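Q: curious how this folds, go ahead:
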Amino acid sequence: MNSHHIEEAIGVVKDPQILINAVSKRVRQLASGSRPMVQSDHQMGLMDIALAEIAQGKLVVQSADGEKL
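A: Reported below is the predicted structural model:
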């Protein structure tokens, strides 16, 4: 896991618990066959891809009422 991706993603989603839940859900989706929304190389794990998606704004985390987190 790349700490650079974590730092960028925490800049987008301030609450660590919400970030963990969002990354976890996205990792499950990627493991089930979803395509990455960012360019990835063979060294990036699924968690790195999920964090990069959040950091680059490709994956938006919202509350139940539609508020961006």
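
Q: quick check: buried residues in stretch 1-12?
A: By neighbour count, with 16 or more other CB atoms under 10 Å as the criterion, the buried positions of stretch 1-12 are His5, Ile6, Ala9, Val12. (Each C-beta comes from the backbone N, C-alpha and C, glycine too.)

Q: shaky segments in this protein?
A: Within the chain, the segments meeting pLDDT under 70 span 69.

Q: among the buried residues of stretch 1-12, which ones are in helices?
A: Counting by DSSP state H, the part of the buried residues of stretch 1-12 found in helices is His5, Ile6, Ala9, Val12.

Q: touching, the first one and Leu51? I think so.
A: Right, His5. Yes. When contacts are counted by CB atoms under 8 Å, His5 is listed as touching Leu51 (3.8 Å).

Q: list the helices and strands the lengthiest helix in the chain packs on?
A: Taking DSSP H as the assignment, the helix of the chain that covers the most residues is helix 16-31. Contacts of helix 16-31 with other secondary structure elements, assessed using 3 or more CB pairs under 8 Å, 6 or more residues apart in numbering; DSSP states H and E, are made with helix 3-12, helix 46-55.

Q: and that helix with helix 46-55, angle?
A: Using axes from the mean of the first three to the mean of the last three CA atoms, to 10 degrees, the interaxial angle of helix 16-31 with respect to helix 46-55 works out to 120 degrees.

Q: mind listing what's buried along helix 16-31?
A: Here helix 16-31 shows Leu19, Ala22, Val23, Arg26, Val27, Leu30 as buried, counting by 16+ other CB under 10 Å.

Q: from those, which is closest to Gly45?
A: Each of the buried residues of helix 16-31 was scored against Gly45 by CB to CB, and Val27 proved nearest at 8.6 Å.
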